[in-house]
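1. Have a look; sequence and predicted model below, questions after that.
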Amino acid sequence: MRPDPYDTGRVRYNHARGDNSGAPPDHLPSFGAWHDGSPRDDDRYDAPRHDDGGDPRPPRRRIAWGKWIVRGLAASIVLFVLAVIWLAVTAPLSRSLKPPTPPSITLTAADGTPIARRGAIIGTPVDARTLPPHVREAFLAIEDRRFYSHWGVDPRGIARAAWANLGSGGVRQGGSTITQQLAKNAFLDSDRTAARKVREAMIAFWLEAWLSKDEILSRYLSNVYFGDNVYGITAASKHYFGRTPQKLNVGQAAMLAGLVKAPSRLAPTGNLKGARARQAVVVGAMVDAGFLTKGEAATVQPQRVLPARTDTLPTGTYFADWVLPTAREVAGDSGTEATVRTTLDRGLQSTAERVVRQASLRGLQAAVVAMRPDGEVVAMVGGKDYKTSAFNRAVQAKRQPGSTFKLFVYLAALRAGLTPDDVRDDSPVEIAGWKPRNDDGRYLGPITLRRAFARSSNVVAARLTQEVGVRNVIKTARDLGITTPIPNEATIGLGTAEVSLLELTGAYAAIANGRYPVTPRGVDGNRNASWYEKIAGRDTEMPAKVRDEMRSLLGSSIRGTGRDANLPVDAFGKTGTSQGGRDGWFIGFAGNLVVGVWVGKDDSTPNPGLHGGGIPAQIWRQFMMSALHIPVVVAPEADEMGAPLDNMGDALDQFGRAIDGAQPSIEDAVDRLRELGIELPQPPAPRQRVPVERYPEDRGPSREDEGGPVEDYDYRF
């Protein structure tokens, strides 16, 4: 028999119909117990068939909803655990006790007198359980009535606020709970994005899980803002009412609770009417919440507050602005209030402010920095008037220093082995297309470095920069503490690189101190430096020969271009003038003070007639005369013969210093006459004293010697 080509190979069975047709035999086992919800092989025989007797339709696939629900819950738990771990790492609970702003810091002068206060007024933390009930209830009534019943987020409050805002057409109410406000104040910024609200809710749940309700309320009341730069109910109670939170009456508690909504606008020291109106709203909310009866509410009177106190302690000065970041590092995490002693000398600060105020500045600005040779800043003036402009020209302004930068040129030359008595050519020169010229248009030919420095010769400075190398000049400036960019070109010898007055004064302090670099500082006990900073920050002792030679040059300069700054004591300094008189500088030292002065305009426009030897030198001298307690010399009275009655020695000293100061002027006059073709006759050679033997009889009867030759001196030409 030929096989059927369409036969699938299935074994076919023919069953005879029995007596009990349609019912399964009793001896066959039931397969119902094996059913697990998935399609079985025998199900397809029970499925309806097509009319043509073909294969049955595919079965419908059932969705396992139970499995997906379990998986979703598991994923939610995992995400929640991860969120809690993230919060524990990034938002520790201790932050909810810290104020939302840096703590208040008080700066004192070197003598301990307060000179400035910065930061918020922050009260000590409170325990909500120790507060009178009406104080707690005032905040709960207006901020979060269901505080003790919700889990950090109040759906009912959110719905109520949304309905009120929808009806008013704007945002009139907020649905944030006290827990959410604590989360926002302590951990988040004030933006109004949806992501921030989600984080706020998560942190609120976290706070509720770890803290009790009283702890949350205590932390909220301890750091919430009440206006007038006051944080915390303790500080607010003292600031507005002069009492502690435990002694607040109902009206005072209601007024404070009302300030939380808009503290800056409702602060009663500036808006008492608005604060009283808000107080009435809070009292009404306390009645609605059942905390007060209508009779009790009727007895609450509008509250009075203490008058706004005039803080005589300045909250901002140029020195305080500069020193504050370092002072905060020194204070560290010292709680809500810190006091840091600075290096400021109140007497010297007053002197600096006075001399700037008395200077003939007209439309110019001025800055003064005074420091000790080791870098302790004792006075700082950043402008004529802090109230008009808080821009600190002593620290923030970067200007061209002019000839004051020649300090680094000549110091590099001395390091290279040159001496102040070496001679260089003071005549026109061209360097790579650049032709420096002297300000006065005069060129003296071969002159000593001392003479060139005293008259601030530009061409000699340019020649020296080329001789010792630009890189060595830059290295010298870096060694002495200059950090601003310095171009790698020969023009830097004339002060074309911009620097700040503070840094440049610190560089001159290195010459006075004999060690470099000198870092200006306003606070002692800076933060502990790392081992690397301690090694890299060590200062270096300057060779005594180089230091003395540099001082010699600075001493000649103060008797040259800086003669208006000359003092009747040993003084050293250098003038500087940038192109067009845009900046005038004088920096120098005497006694135990190093002082830098800058004069110019903020917009860097030219100032014809301004030069470092003018107003800056005069300000420097006036400050030094007062700071070093140098008395003004008054001509002594004379007798009938015209001779001083006393202090002859002091008068001779003054005369000698005057002669020394006049020497550069005499040399200038001689140089000028020589340029005009007039040669002065050379003075006769000085006579020399030579010993000769004389006898007593040659000396007259007054001689007390009793015989024998006596050694005496005579003059030979």
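-> Yep, that arrived. This structure is a prediction, so every number in the text was calculated from the model and none was measured.
2. Could you use CA atoms for every contact and neighbour count after this?
-> Will do.
3. can you give me the strands in the stretch 101-250 of the chain?
-> Ranges of strands within the stretch 101-250 of the chain are 104-108, 114-118, 121-122, 230-231, based on DSSP state E, counting those that start in this stretch.
4. Pull out the buried positions in the second one.
-> Which is strand 114-118. Pro114, Ile115, Ala116, Arg117, Arg118 (16 or more other Cα atoms under 10 Å).
5. Residues touching stretch 547-557, excluding its own?
-> Contact with stretch 547-557 is made by 410-411, 414, 419-420, 450-451, 453-456, 511, 514, 563, 570-575, as judged by Cα atoms under 8 Å, 6 or more residues apart in numbering.
6. same question for it, mean pLDDT?
-> Across stretch 547-557, pLDDT averages out at 96.
7. same thing with stretch 511-520?
-> Per-residue scores along stretch 511-520 average to 95.
8. hang on, the earlier thing: give me the subset of the contacts of stretch 547-557 lying in strands.
-> Among these, the ones falling in strands (DSSP state E) are Ala571, Phe572, Gly573, Lys574, Thr575.
9. and which of those residues is nearest Ala390?
-> Closest approach between the ones in strands among the contacts of stretch 547-557 and Ala390, by Cα to Cα: Thr575, at 26.6 Å.
10. Let's see the pLDDT reported for the closest one.
-> pLDDT, Thr575: 97.
11. switch to numbering from 108
-> From this message on, residue numbering opens at 108, which makes the last subject Thr682.
12. Who are the contact partners of it?
-> Residues in contact with Thr682, defined by Cα under 8 Å, 6+ apart, are 510-511, 664, 668-669, 691-694, 718-720, 724.
13. so Phe730 makes contact with Ala459?
-> Yes - contact status for Phe730 versus Ala459: in contact at 6.3 Å, counting by Cα atoms under 8 Å.
14. When these two are compared, which one has more neighbours?
-> Ala459 (25 against 22; other Cα atoms under 10 Å).
15. where does that one land in three-state SS?
-> Following DSSP: H, G, I helix; E, B strand; the rest coil, Ala459 is assigned to helix.
16. Doesn't Trp705 belong to a helix?
-> No - according to three-state DSSP, Trp705 belongs to no helix; its state is strand.
17. leaving aside the residues next to it on the chain, what's closest to it?
-> Trp692 (4.7 Å; Cα to Cα, 6 or more residues apart in numbering).
18. partners of the helix or strand containing that neighbour, with directions?
-> Trp692 is part of strand 690-697 when elements are defined by DSSP states H and E. Sheet pairing for strand 690-697, assigned by DSSP bridges, gives strand 678-684 (antiparallel), strand 700-707 (antiparallel).
19. Please save the CA atoms from that strand in CSV.
-> The C-alpha trace of strand 690-697 is given here as CSV (Å, rounded to 0.1, in the frame of the first residue of the first chain):
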residue,chain,number,x,y,z
ASP,A,690,48.9,106.5,37.6
GLY,A,691,51.1,108.1,40.2
TRP,A,692,52.9,105.9,42.7
PHE,A,693,55.3,106.3,45.6
ILE,A,694,56.4,103.2,47.6
GLY,A,695,59.0,103.3,50.3
PHE,A,696,59.9,102.5,53.9
ALA,A,697,61.2,104.2,57.0
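20. got a list of contacts for it?
-> Under Cα under 8 Å, 6+ apart, the answer for strand 690-697 is 506-509, 511, 612, 615-616, 619, 669, 676-685, 701-708, 711, 714, 717-720, 722-724, 727, 731.
21. mind running it again at 7 Å?
-> 508, 612, 615, 619, 677-685, 701-707, 717-719, 723-724 (Cα atoms under 7 Å, 6 or more residues apart in numbering).
22. Counting by contacts, list what the helix or strand Phe515 falls within packs against.
-> Using DSSP H and E, Phe515 sits in helix 513-522. Packing partners of helix 513-522 (3 or more Cα pairs under 7 Å, 6 or more residues apart in numbering; DSSP states H and E): helix 565-575, helix 577-586, helix 651-665.
23. How about residues contacting the helix or strand following it?
-> For helix 513-522, the succeeding helix or strand toward the C-terminus, using DSSP H and E, is strand 530-533. Strand 530-533 is contacted from outside by Tyr550, Leu551, Gly552, Pro553, Ile554, Thr555, Leu556, Val566, Val567, using Cα under 7 Å, 6+ apart.
24. how about the residues you listed in CSV, adding distance to Pro592 and pLDDT?
-> Formatted as CSV, those follow (distance: Cα to Cα, whole Å; pLDDT from 0 to 100):
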residue, distance to Pro592, pLDDT
Tyr550, 31, 95
Leu551, 33, 93
Gly552, 33, 94
Pro553, 33, 95
Ile554, 32, 96
Thr555, 31, 96
Leu556, 27, 97
Val566, 23, 96
Val567, 24, 96
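25. As a markdown table, the residues you listed with distance to Lys354 and neighbour count would be great.
-> Formatted as a markdown table, the contacts of strand 530-533 follow (distance: Cα to Cα, whole Å; neighbours: other Cα atoms under 10 Å):
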| residue | distance to Lys354 | neighbour count |
| --- | --- | --- |
| Tyr550 | 83 | 19 |
| Leu551 | 85 | 16 |
| Gly552 | 87 | 13 |
| Pro553 | 86 | 15 |
| Ile554 | 83 | 17 |
| Thr555 | 81 | 18 |
| Leu556 | 78 | 26 |
| Val566 | 78 | 25 |
| Val567 | 78 | 29 |
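26. Skip the chain neighbours and tell me the closest residue to Gly489.
-> According to Cα to Cα, 6+ apart, the nearest residue to Gly489 is Asn499 (4.3 Å).
27. residues near the one you found, how many?
-> Count around Asn499 with other Cα under 10 Å applied: 19.
28. quick one on the thing from earlier: which of the contacts of strand 690-697 are buried, as a PyMOL select command?
-> Burial among the contacts of strand 690-697 is assessed by 16+ other Cα under 10 Å; the matching PyMOL selection reads:
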select buried, resi 508+612+615+619+678+679+680+681+682+683+684+685+701+702+703+704+705+706+707+717+718+719+723+724
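29. what about Leu413, how many residues close to it?
-> Neighbours around Leu413, by other Cα under 10 Å: 12.
30. follow-up on the earlier one: from the contacts of stretch 654-664, which would you call buried?
-> Those of the contacts of stretch 654-664 that meet the buried threshold are 517-518, 521, 526-527, 557-558, 560-563, 618, 621, 670, 678-682, by 16+ other Cα under 10 Å.
31. orientation of the strand holding Trp692 relative to helix 651-665 in degrees?
-> Between the axes of strand 690-697 and helix 651-665, defined by axes from the mean of the first three to the mean of the last three Cα atoms, to 10 degrees, the angle is 130 degrees.
32. Quick one: mean pLDDT over strand 690-697.
-> In the prediction, strand 690-697 has an average pLDDT of 97.
33. how far does stretch 595-615 stretch from start to finish?
-> 22 Å (Cα to Cα, to the nearest Å).
34. Would you point out the most distant pair within the contacts of Thr682?
-> Maximum distance among the contacts of Thr682 (Cα to Cα): 15.6 Å, for Ser664 and Gly691.
35. Settle it for me: which of these two has more neighbours?
-> The neighbour comparison of Ser664 against Gly691 (other Cα under 10 Å) goes to Gly691, with 31 against 26.
36. Quickly list what the more buried one is bridged to.
-> Thr684, Val706.
37. what about it, distance to Val702?
-> Distance from Gly691 to Val702, by Cα to Cα: 14 Å.
38. Check Arg435 too.
-> Arg435 is 27 Å from Val702, by Cα to Cα.
39. cool, Asn714 as well?
-> Where Val702 is concerned, Asn714 sits at a distance of 23 Å (Cα to Cα).
40. can you check Phe312 too?
-> 59 Å.
41. just Arg570 next, same as before
-> Using Cα to Cα, we find Arg570 at a distance of 29 Å from Val702.
42. can you count the residues close to Ile310?
-> Burial measure for Ile310: 25 neighbouring residues, criterion other Cα under 10 Å.
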